[in-house]
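J.: dropping the sequence and predicted coords here.
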Amino acid sequence: MDMKTVLQDKDLNQLVYNALSFGTAVMLGAFVYFLTQMNSVAKQYRTGVAVSAVVVGIAGYHYYRIWQGWSIGEMNEGYRYADWLITVPLLVIELLIVLGVTADRRKALLKTLVPATVLMIGLGYPGEVATSDGTKWTFWILAMIPFAYILFTMFGELKAAGSRETGEIASSIGNAAKILLVTWLVYPIGYLFPVIFPAGHQGAEAGRQLAYTVADITAKALYGIMILNIAKARSGDTR
């Protein structure tokens, strides 16, 4: 489907429109919420909460632009990928801040994970906007290499941190690990909807937009709440 063409099915069109509107509202609402929670955690974890606020604030702006474009019959995937290019590295940073890893370990992880996120998103974009199934498959496979590395590494860090903790902290980390694994797997599936469905299938485009929106809300707003919970649990009486 031409990425500039809005869905002709009015029901599907309205469904995507409503989802994008909802995504915009959630991101901007989460932005305000995280700002109000800055002082609810110990000083060493406030940066992590601040990064969560930045992530959903940036996402809220881009979702507004996508929603606005959709309302006039346009779909610019550049906004979504620009959002991911900024926010995905920040998601990595906010997680490492609250996991309690050593400074040296955090620096080493950032040196590999941040470039991997940029590579993953940079490789994904050409396939996203391509009209050829072969091109989409090629860039999907290429993007899945850094994707698998990022997911495996982050999930491993979460599991390792969870094994070092007990009680509320361990529970919060475990919840974050589950959200990370389930949510991130939605992206490569949604990416392939235009390939899985016949060319020009209205449901493929609607399904892709809905999948990305649900995944973004979960990976940014809900994940940010999980990060906040970990920070609060770690803060204890040190605030």
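T.: That came through fine.

J.: which residues touch the closest residue to Tyr81 other than its chain neighbours?
T.: Nearest residue to Tyr81, sequence neighbours excluded (C-beta to C-beta, 6 or more residues apart in numbering): Tyr125, at 4.8 Å. (Glycine included, C-beta is placed from N, CA and C.) Tyr125 makes contacts with 77, 81, 139, as judged by C-beta atoms under 8 Å, 6 or more residues apart in numbering.

J.: ok, so of the residues you listed, who is nearest Ala206?
T.: Glu77 (14.8 Å; C-beta to C-beta).

J.: from what I can see Phe193 touches Leu210, true?
T.: No: at 9.6 Å, Phe193 and Leu210 do not qualify as touching, with contact defined as C-beta atoms under 8 Å.

J.: ok, Thr153 - contacts?
T.: The neighbours of Thr153, taking C-beta under 8 Å, 6+ apart as the test, are 109, 112-113.

J.: now, of the residues you listed, which are buried?
T.: 109, 113 (16 or more other C-beta atoms under 10 Å).

J.: so which of the contacts of Thr153 are in helices?
T.: Judged by DSSP state H, the subset of the contacts of Thr153 located in helices is 109, 112-113.

J.: now do the SS call for the residue nearest to Tyr149 when sequence neighbours are not counted.
T.: Of all residues not flanking Tyr149 in the chain, Ala116 sits nearest, at 5.6 Å (C-beta to C-beta, 6+ apart). Classification of Ala116 using DSSP: H, G, I helix; E, B strand; the rest coil returns helix.

J.: thank you kindly, that will do.
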